[in-house]
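*Asks:* Provided below for reference: sequence and predicted model.
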Amino acid sequence: MAGRKDEDLTDVTLLGNQGTTYSFDYNPDVLETFENQHPNRDYFVKFNCPEFTTLCPKTGQPDFATLYISYIPDIKMVESKSLKLYLFSFRNHGGFHEDAVNVIMNDLIELMDPRYIEVWGKFTPRGGISIDPYCNYGKPNTKFERMAENRLMNHDMYPETIDNR
């Protein structure tokens, strides 16, 4: 099996860069991709991000969440360090929980054009109530569109992303 070569990673500029700049404001431009070396196979890539923070747009108070991002790549994949920096850029961003997960999903769809993607935010309860927004997308007119419809209607049946509070 051949490994990746530098010429295969010309779009990956953040990984291994010791001079990383952290953006404290929402910044989707930091996201980077690399080529999927297994486009003939459907498989999940899953990220669990337990330190996501954003701000309430009304009070300015911080909101904390674990984000679960799962996708089936097509041609491009998101580079993980760029994803970490992107998620960090929500730190001072004012948005409701539901907006945050949908913006993240929309940005990743625009970046990668995956076959399927889902984003689930498990926000820390505030005032005795938690908000756990879930969104997904499957490429139109494919089995992945049907998959998205089925998972949206039955997403509680996936215990790998459910925590029992």
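*Replies:* That came in fine, so what should we check first?

*Asks:* residue 81 should be in a helix, yeah?
*Replies:* Yes: the assignment for residue 81 by DSSP: H, G, I helix; E, B strand; the rest coil puts it in a helix.

*Asks:* from residue 104, how far out is it?
*Replies:* Noted for residue 81: a distance of 16 Å to residue 104, by Cβ to Cβ, to the nearest Å. From N, CA and C alone the C-beta is placed, and that goes for glycine too.

*Asks:* more neighbours: which of the two?
*Replies:* Between residue 81 and residue 104, residue 104 has the larger neighbour count (other Cβ atoms under 10 Å), namely 23 against 17.

*Asks:* what is the neighbour count of the residue lying closest to that one once chain neighbours are set aside?
*Replies:* Excluding its sequence neighbours, the residue lying closest to residue 104 (Cβ to Cβ, 6 or more residues apart in numbering) is residue 119, at 5.2 Å. Residues lying near residue 119 (other Cβ under 10 Å) number 25.

*Asks:* so residue 146 lies in a helix, does it not?
*Replies:* Yes: with three-state DSSP as the criterion, residue 146 is part of a helix.

*Asks:* look up how far residue 26 lies from it.
*Replies:* Computed with Cβ to Cβ, the distance linking residue 146 and residue 26 is 32 Å.

*Asks:* go on, residue 154?
*Replies:* In this structure, residue 154 and residue 26 are 32 Å apart, going by Cβ to Cβ.
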